[in-house]
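Peer 1: Turn this into a model:
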Amino acid sequence: MSDLFFSQLDGDALRELLARTGLRDAAVVQVSSTLHIENGNAAAARLTGLRPLERIDQLLSAQAAAALRACIDGHTPRTVYEELDGVCYRLELIPHRDGALLAFVRDDRAAYDGTLRVLHARSTQYLGALLAEATQVDDPALAAQLRRDCLRLHRLLTHSDFLHDPPLTEQLRLGYFDLAALCRSAAEQAASRLPEGDGAISVQAPEACEALIEPRLVRTALYNLLTNALRATHAPDSVSVTLTDDGAFYTITVADRGSGLDPSLFDALLHSWQRLSPYEDYLALVRQGVTPGFGLPLVQHIARLHGGSLLLSPRAGGGSELHLSLAHLPDTLAGNNLRAPMVLDDGFSLEEVEFSIL
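Peer 2: Modelled structure (predicted):
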């Protein structure tokens, strides 16, 4: 396979490819209607290990293979997310002649360029100065508001940094912790920041539930789900946390009584941070009641680091239920200390940062 094959592509397919990827960041494969590889660039040869005339679907998951067939049959571009050798790729499927182009893009690292690194470093520097200056403000209410606004920005920066440069599961500080106690503690922390008399957050969990997790990351995920739930509803006693264990996965469900998330827009909430899109596309989502952020993508990534996922379902009687699943990880991963998760690394408490929007 050769990088010269770009010059052989149809104009429409090439324009679609350029609109969806940066060619330097993509491994691109051309396949026929029978899913046999016809050509590809050098990056694709390195990534797939496959040669022309071999079938691409031997490499793909059942979901991605079905999406590829639908792309070819319907002559319509599609986007799916595919994991290869433990790495998540955005897989762009683009109709091309009688077959399709498959472009594998590593969004997590490709999007984290030098410009963003500089923005993060300088923003953190200026943020520290603003927090210090806020202590010199005479008006206590204004000082508190300035601190809260700074912590909101700090929250965005640290979450973005984690999403763009995450550790591997094997690099986490995994240990056995009581997941039930963690759920109760997170709910108490969230309720303590509510106006007096607004009630508590209900928790349904076993008395104890030992799980192999990175507790700081799981707590961060819970704080994000609780923050979203409290923002969606004005009745805190209708926010609930439920912990279950089916023997393969621990599932933490955070439910609210808000207007309910639109399932058709859930993918946009999880993946819009990865996609190159014009500002008008972002505003179009906002007009639909969806404001893409880092909270839910962060929760999803933390779930994946623990072998699980983040799912959405409607709540009976109105509202949404977000299900954070964590796999029963093998004992061999316990005690690793290869890299500390850099979600937060300064003098602010995790609770203060995560609940800064309340």
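
Peer 1: Helices of the stretch 251-358 of the chain, residue ranges please.
Peer 2: 263-271, 279-287, 295-305, 350-354 (DSSP state H, counting those that start in this stretch).

Peer 1: For these, could you give me CSV that also reports distance to residue 161, mean pLDDT and mean neighbour count?
Peer 2: (Glycine included, C-beta is placed from N, CA and C.) As requested, the helices of the stretch 251-358 of the chain are arranged in CSV below (distance: least, Cβ to Cβ, whole Å; pLDDT from 0 to 100; neighbours: other Cβ atoms under 10 Å):
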stretch, distance to residue 161, mean pLDDT, mean neighbour count
helix 263-271, 18, 84, 16
helix 279-287, 21, 79, 11
helix 295-305, 11, 93, 23
helix 350-354, 13, 84, 19
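
Peer 1: so how far is residue 200 from the closest residue to residue 130 other than its chain neighbours?
Peer 2: Nearest residue to residue 130 in three dimensions, chain neighbours excluded: residue 150, at 5.2 Å (Cβ to Cβ, 6 or more residues apart in numbering). Distance, residue 150 to residue 200, by Cβ to Cβ, to the nearest Å: 29 Å.

Peer 1: How far away from the center of its chain is whichever strand or helix holds the residue nearest to residue 130?
Peer 2: Element membership for residue 150, per DSSP states H and E: helix 140-164. Chain-centre distance of helix 140-164: 19 Å, with Cα atoms, centre = their mean, to the nearest Å.

Peer 1: buried set for that helix?
Peer 2: Residues of helix 140-164 classed as buried by neighbour count (16 or more other Cβ atoms under 10 Å): 146-147, 150-151, 154-155, 157-164.

Peer 1: ok, the residues you listed vs residue 239, which is closest?
Peer 2: residue 155 (19.8 Å; Cβ to Cβ).

Peer 1: Identify the residues contacting the residue positioned nearest the centre of the chain.
Peer 2: What sits nearest the mean C-alpha location of the chain, by Cα atoms, centre = their mean, is residue 297, with 2.2 Å. Applying Cβ atoms under 8 Å, 6 or more residues apart in numbering to residue 297 gives the contacts 163, 269-271, 273-274.

Peer 1: what sits against the nearest residue to residue 212 once chain neighbours are set aside?
Peer 2: Take residue 212 and drop its neighbours on the chain: the residue closest to it by Cβ to Cβ, 6+ apart is residue 329, 4.6 Å away. Contact analysis of residue 329 by Cβ under 8 Å, 6+ apart lists 169, 174, 212-213, 306-307.

Peer 1: Please repeat the previous calculation with a cut-off of 7 Å.
Peer 2: The neighbours of residue 329, taking Cβ atoms under 7 Å, 6 or more residues apart in numbering as the test, are 174, 212, 306-307.

Peer 1: for residue 327, same thing?
Peer 2: Neighbours of residue 327 in contact, by Cβ under 7 Å, 6+ apart: 248-249, 306-308.

Peer 1: Got phi/psi on the nearest residue to it once chain neighbours are set aside?
Peer 2: Leaving out its chain neighbours, the residue that sits closest to residue 327 by Cβ to Cβ, 6+ apart is residue 307, at 3.0 Å. Backbone torsions of residue 307, given as degrees, to the nearest 10, read phi 70, psi 20.

Peer 1: How much space separates residue 178 from residue 218?
Peer 2: 11 Å.

Peer 1: Those two: which has the busier surroundings?
Peer 2: residue 218 (25 against 18; other Cβ atoms under 10 Å).

Peer 1: My read is that that one contacts residue 181, right?
Peer 2: No - Residue 218 lies out of contact with residue 181 (Cβ atoms under 7 Å); the separation is 11.6 Å.

Peer 1: what sits against residue 201?
Peer 2: 187, 190-191, 236, 239-241.

Peer 1: how many other residues sit next to residue 334?
Peer 2: 11.

Peer 1: check contacts around it.
Peer 2: Contacts of residue 334 by Cβ under 7 Å, 6+ apart are 174-176, 212.

Peer 1: Please apply the same query to residue 271.
Peer 2: Neighbours of residue 271 in contact, by Cβ under 7 Å, 6+ apart: none.

Peer 1: Give me the contacts around the host helix or strand of residue 191.
Peer 2: Residue 191 is part of helix 179-192, with elements assigned from DSSP H and E. Outside helix 179-192, the residues that touch it by Cβ under 7 Å, 6+ apart are 200-201, 203, 205-209, 211, 213, 215, 218-219, 222-223, 226, 230, 236, 241, 243, 250, 252, 351, 355.

Peer 1: Average pLDDT for it, rounded please.
Peer 2: Averaged over helix 179-192, pLDDT sits at 95.

Peer 1: again, but for stretch 129-138
Peer 2: 88.
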